[in-house]
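Chemist: Task: produce atomic coordinates for the following.
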Amino acid sequence: MAETPETNPANEAETSIEAGGAGAGEWNDLQIGFSGSPKAKLDERGRLKMPAEFKAFIEKKYGKDFNAFYITSREGLDAEIYPMPEWQQYQARIFKMPKGLPLRKKLMTSNALYGERVDMDPQGRLLMSEELRKAGMVNMDVKVSGEGSLLRVKSLTGLRDSVRNNPYTAQDDEAATEYDV
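Modeler: Residues are numbered from 1 along each chain as shown. You can find the predicted model right below:
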């Protein structure tokens, strides 16, 4: 596939990985963060094998021996996986909120219930917290979606139901044009 140059705000030509094909190397994933949505599986113990593309990104950004993550959830329906440096930045933003703010209290409570520091094992697996396992995050097919500074783990069945029950509409398409997406 031929490379198609794109223009960034500084009017410098750059090539997207989609235009250049895999391995083009012009996509600045260190700036973008986690991107993509590979399928994976939570095993019967609630362990997630880190998808290869995310493991490679983690090694590139944090180093080959990096293994420290924080896994949490807001509702127990999915899991949010943060590399510890990203978690610390996110937590600092929560701490800047006024102590009496209901949103701050909700975030602190859900992180206290579902959250846990986890070290990736030598096989590249992460164990969901006990509360997430109790909530059903075991033995299921999932999608691991890159969302910039974090990875979101959602049940594949739940995602299918969500898309089916809340389909994309013409109104959504109109709203998307405002953001050029």
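Chemist: Pull out the buried positions in the strand ranked longest in the chain.
Modeler: What stands out as the longest strand in the chain, according to DSSP state E, is strand 140-148. Within strand 140-148, the residues that count as buried by 16 or more other Cβ atoms under 10 Å are 140, 142-146. From N, CA and C alone the C-beta is placed, and that goes for glycine too.
Chemist: Distance from the chain centre to that strand, please.
Modeler: Its chain's C-alpha centre and that of strand 140-148 lie 6 Å apart, by Cα atoms, centre = their mean, to the nearest Å.
Chemist: Please work out which residues outside that strand touch it.
Modeler: With Cβ atoms under 8 Å, 6 or more residues apart in numbering as the test, strand 140-148 has contacts from 32-42, 48, 51, 54, 151-157, 159.
Chemist: I'd like to know which of these are buried.
Modeler: The buried subset of the contacts of strand 140-148 (16+ other Cβ under 10 Å) comprises 33-34, 37, 40, 42, 48, 51, 54, 151-155, 159.
Chemist: Of the residues you listed, which belong to helices?
Modeler: For the buried ones among the contacts of strand 140-148, the ones inside helices are 54, 159, with DSSP state H as the criterion.
Chemist: Same list, the buried ones among the contacts of strand 140-148, but as a markdown table with distance to Asp119 please.
Modeler: Below are the buried ones among the contacts of strand 140-148 laid out as a markdown table (distance: Cβ to Cβ, whole Å):
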| residue | distance to Asp119 |
| --- | --- |
| Gly33 | 21 |
| Phe34 | 19 |
| Ser37 | 24 |
| Ala40 | 18 |
| Leu42 | 17 |
| Leu48 | 13 |
| Pro51 | 18 |
| Phe54 | 16 |
| Leu151 | 16 |
| Arg152 | 20 |
| Val153 | 17 |
| Lys154 | 23 |
| Ser155 | 24 |
| Leu159 | 28 |
